[in-house]
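Engineer: could you look at this predicted model? Sequence included:
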Amino acid sequence: MGYRRLFIWVEGEDDERFFEKIMKPKLQKKYNFIETIRYATLKKEKIDNFLKSIKAMGADYIYVTDINDFPCVSAKKQKIQNKIRNIDDDRIIVVRKEIESWYLAGLDNIESKKIKIRTFSITDTITKG
């Protein structure tokens with residue numbers, strides 16, 4: 001097996017923390033190099049050029065995005081493909097709202113602290129609410 005690279009495109013800080021702390025260790029079994037890139041503040045031309053470079057070097061990539069208010073995954077993927085020319089449909093991962101909550105639902109207090117997510121208990125909610 002040759003040298004394998006993976007670029008993970010994420011929207012913001014929370015997504016970056018999740019992929020860096022939770023997913024990256026799992027993916028390191030398959031890849032020699034993994035880089036997480038926040039795309040929200042990048043110009044679309046820069047993203048296009050970077051994707052072209054990634055493909056030219058034979059590396060893998062995934063582009064992770066939230067479904068937000070789109071009616072379905074296909075509509076969200078189409079919106080991204082209309083915006084970013086060099087992106088492949090099968091490399092776009094659309095995170096549904098339910099899955100976003102699953103990211104956090106299984107974390108205990110120790111894991112939450114590791115990725116810098118504030119914890120609370122149900123009693124805190126009841127007494128403050």
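Structural biologist: Sure, I can see it.
Engineer: could you use CA atoms for every contact and neighbour count after this?
Structural biologist: OK.
Engineer: mind listing the residues bridging to the residue nearest to Glu16 when sequence neighbours are not counted?
Structural biologist: Of all residues beyond its chain neighbours, the one nearest Glu16 is Val10 (6.1 Å), with distances taken as CA to CA, 6 or more residues apart in numbering. On the basis of DSSP bridges, Val10 is bridged to Arg38.
Engineer: most residues in a single helix of this protein, which one?
Structural biologist: Of all the segments of type helix in the chain, defined by DSSP state H, the longest one is helix 44-56.
Engineer: now do the helix or strand following that one: which elements does it pack against?
Structural biologist: Next along the chain after helix 44-56, taking DSSP states H and E as the criterion, comes strand 60-66. Packing contacts for strand 60-66, counted by 3 or more CA pairs under 8 Å, 6 or more residues apart in numbering; DSSP states H and E, involve strand 5-10, strand 92-95.
Engineer: mind listing residues that contact stretch 68-80?
Structural biologist: Ile67, Asp89, Ile92, Val94, Arg96, Lys97 (CA atoms under 8 Å, 6 or more residues apart in numbering).
Engineer: on that earlier part again, so which of the helices and strands packed on strand 60-66 is the most packed in?
Structural biologist: Stretch with highest mean neighbour count among the helices and strands packed on strand 60-66: strand 5-10 (a mean of 20; mean count of other CA atoms under 10 Å).
Engineer: fine, thanks again, bye for now.
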